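Colleague: Got a sequence here, can you build the structure:
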Amino acid sequence: MAYVRAIYQISMNTHDARPSERVEQLGDALKSLSLDEETLALLKFVVRLTAWPSSMTKREVERLEGVGFDTRSIHDIVQVVACFSFMNRLADGTGVTLRADRKALGIEMFGEDAWQLHQAWSAGGAS
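Modeller: All right, here's what the predicted structure looks like:
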């Protein structure tokens, strides 16, 4: 779960026009977690696709291939990211909120600050 929080913290400012720099910051943050090369490449790909989809190039796919992902695996990764992004937009656009009994999991995964932002949004206080 530590890498989920690292990804969240690094990719919060998705409007940033420097995706390569932000993804490199993510890589630096994740190195302290002793992740293998495959997992690190996967996480960097997922963050870039989620936060800056229009910045994706063939090079990002080639990086995954370079650490052992095949075409089917890369397709599956992209499908999961797309579905997750769709569900987030559906929830954000319709006001779906996290159930109170899931608070501990939400804080564990994303941190107290994310929980507070979520609560402010659901109460109508976030802009």
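
Colleague: So for this protein, the centremost residue is which one?
Modeller: Compute the mean C-alpha point of the chain, and by Cα atoms, centre = their mean the closest residue is Val47, 4.5 Å away.

Colleague: Just the buried residues of the helix or strand containing it, please?
Modeller: Applying DSSP states H and E as the criterion places Val47 in helix 37-51. Applying a neighbour-count criterion of 16 or more other Cβ atoms under 10 Å, the buried positions in helix 37-51 are 40-51. Any C-beta I mention is one placed from the backbone N, CA and C, and that applies to glycine too.

Colleague: residue ranges for the strands of this structure, please.
Modeller: Per DSSP state E, the chain carries no strands over any range.

Colleague: max-length helix in it?
Modeller: Looking across the chain with DSSP state H, the single longest helix is helix 71-94.

Colleague: in it, what's buried?
Modeller: So, applying 16+ other Cβ under 10 Å, buried residues of helix 71-94: 74, 77-78, 81.
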